[in-house]
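Participant: Structure of the sequence below:
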Amino acid sequence: MSTTETSSPMVSLADRLSTHLVGRRREIELVVAALSAARHVLFEGPPGTGKSTLLRAVAVELGIGFEFVEGNAELTPARLVGHFDPARVMQEGYRPAVFIDGPLASALRNGSLLYLEEINRIPEETLNVLVTVMSERELNVPRLGRIEAAPGFRLVGAMNPFDSVGTARISAAIYDRVCRIAVGYQSAEDEEEITDRIVPGLDQDWLAQVVELVRLTREHPDLRIGSSVRGAIDMCAVATTLGELRGLEPSSPEVSLDAALVSLSGRIRLREGGHRTAEEIVRDLWEQVFGDGAPAGEHEVDGEGKAPAPNGAASHD
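Facilitator: Below is the predicted model of the structure:
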């Protein structure tokens, strides 16, 4: 059998997945290859880069289940694995029928993809449960017994390596059992297409400027974390509805600046020790991208190149 014939099912899967996402062909091929090789996967990259969208699409195209787990400090082993119903245990004892599957047990039994978002926010004792599961493809639960992984079970974790607040280091035991895929931001053209798909009908030149503004937040020296493409999507959506409310075009300065402040000021993260607010930085970047088109009236840019906050705008330190 030729290489082309052997790989055709995976090529077909990658092609179908490409219809769900803009760009990301390389990442799609890496995920398909790793999962087809029965490997577990760890995505590393900033938020808003399509990691969960890709995994949901993989599950749909493979026709398998998808168990989503949000990683946080409250995710105990019992919440991940499952537990015995206390009330029924009092009446019936520790019987298998009394056990309530958590997402891990459910994924094992059903051969599903188990997606752990923000895996580096999960307590170490909970992560330790996964070590044996990843190596032996089985889970031993006290008073219940062994749960063996059905065909199709894979574990996929995702983490943002640039955010250290509320996170912990992933142990070498976890890293040793996964294939790591680094996921970065898309190109400007891809982000324009993504935004245009979700908020269609906008002026394309203005849309390109919105994406440029969002991408500049990732390079600003006063910012630790910039905005993902979700900031561009929200800015376009808010500008559309705000423009209708004010009887103006979404691209008009009075609408565009306020939409930028609302959509971006909460997403960006300031570097420690800085003295500027998120609003000030967003205004400066807006001026840099949109030039001399200053909002009129109370939004007019002052002589120092900064626009005062619109009514009701709150500052973020």
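Participant: wait, Gly102 sits on Leu75?
Facilitator: No. Gly102 is not in contact with Leu75 according to Cβ atoms under 8 Å; the separation is 9.8 Å. Every residue, glycine included, has its C-beta placed from N, CA and C.
Participant: Tell me who's in contact with Glu92.
Facilitator: Val98 (Cβ atoms under 8 Å, 6 or more residues apart in numbering).
Participant: in stretch 232-241, what counts as buried?
Facilitator: Neighbour counts using 16 or more other Cβ atoms under 10 Å place 232-240 of stretch 232-241 among the buried residues.
Participant: could you list every residue that touches Ala34?
Facilitator: If you count contacts by Cβ under 8 Å, 6+ apart, then Ala34 has 41, 179, 181 around it.
Participant: So which of the residues you listed is the closest to Arg146?
Facilitator: Val41 (24.6 Å; Cβ to Cβ).
Participant: Only the buried residues of stretch 75-89, if you could.
Facilitator: 75, 77, 80-84.
Participant: ok, now stretch 13-26?
Facilitator: 13-14, 17, 20-24.
Participant: Just checking: the least confident one among these is which?
Facilitator: Looking at the buried residues of stretch 13-26 by pLDDT, the weakest one is His20, with 78.
Participant: a strand runs through that one, doesn't it?
Facilitator: No. Counting by DSSP: H, G, I helix; E, B strand; the rest coil, His20 is not part of a strand but coil.
Participant: right, and it touches Gly50 too?
Facilitator: No. Using Cβ under 8 Å, His20 is not in contact with Gly50; the gap is 9.3 Å.
Participant: circling back to that earlier point, of all the contacts of Ala34, which comes closest to Gly152?
Facilitator: Val41 (14.0 Å).
Participant: Name the nearest residue to the closest one, sequence neighbours excluded.
Facilitator: Computed as Cβ to Cβ, 6 or more residues apart in numbering, the closest residue to Val41 that is not its neighbour in sequence is Val156, at 4.7 Å.
Participant: Report the contact partners of that neighbour.
Facilitator: With Cβ under 8 Å, 6+ apart, Val156 has these contacts: 40-43, 55, 113-116.
Participant: Any idea what it is bridged to?
Facilitator: Listed beta-bridge partners, Val156: Val41, Tyr115 (assigned using DSSP bridges).
Participant: Ok, Asp101 next?
Facilitator: Going by DSSP bridges, Asp101 forms beta bridges with Gly82.
Participant: pLDDT wise, what is it at?
Facilitator: Note on Asp101: pLDDT of 94.
Participant: Distance from stretch 88-108 to the middle of the chain?
Facilitator: 31 Å (Cα atoms, centre = their mean, to the nearest Å).
Participant: show me where pLDDT drops low in the stretch 101-250 of the chain?
Facilitator: For the stretch 101-250 of the chain, residues meeting the criterion pLDDT under 70 lie at 163-168.
Participant: what are the ranges of the helices in it?
Facilitator: Remark: helices assigned in the stretch 101-250 of the chain by DSSP state H, counting those that start in this stretch are 103-110, 124-136, 172-175, 188-198, 204-216, 229-246.
Participant: who does the last one touch, helix- and strand-wise?
Facilitator: Counting contacts by 3 or more Cβ pairs under 8 Å, 6 or more residues apart in numbering; DSSP states H and E, the secondary-structure elements packed against helix 229-246 are helix 188-198, helix 204-216, helix 253-264.
Participant: Deepest-packed of the ones you listed, please.
Facilitator: Greatest average neighbour count among the helices and strands packed on helix 229-246 goes to helix 253-264 (a mean of 23), per mean count of other Cβ atoms under 10 Å.
Participant: Tell me who's in contact with Ser36.
Facilitator: Met10.
Participant: Could you list the domains of this structure?
Facilitator: 3-182, 188-299 (automatic domain parsing).
Participant: Burial-wise, tell me which of the ones you listed comes out on top.
Facilitator: Taking mean count of other Cβ under 10 Å, domain 188-299 is the most buried of the domains of the chain, at a mean of 18.
Participant: Tell me the gap between that domain and the middle of its chain.
Facilitator: 20 Å.
Participant: ok so, going back, generate JSON lines for the helices of the stretch 101-250 of the chain, with distance to Arg283 as supplementary columns.
Facilitator: Shown next, in JSON lines, are these (distance: least, Cβ to Cβ, whole Å):
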{"stretch": "helix 103-110", "distance to Arg283": "43"}
{"stretch": "helix 124-136", "distance to Arg283": "42"}
{"stretch": "helix 172-175", "distance to Arg283": "42"}
{"stretch": "helix 188-198", "distance to Arg283": "21"}
{"stretch": "helix 204-216", "distance to Arg283": "11"}
{"stretch": "helix 229-246", "distance to Arg283": "14"}
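Participant: Appreciated, that's everything.
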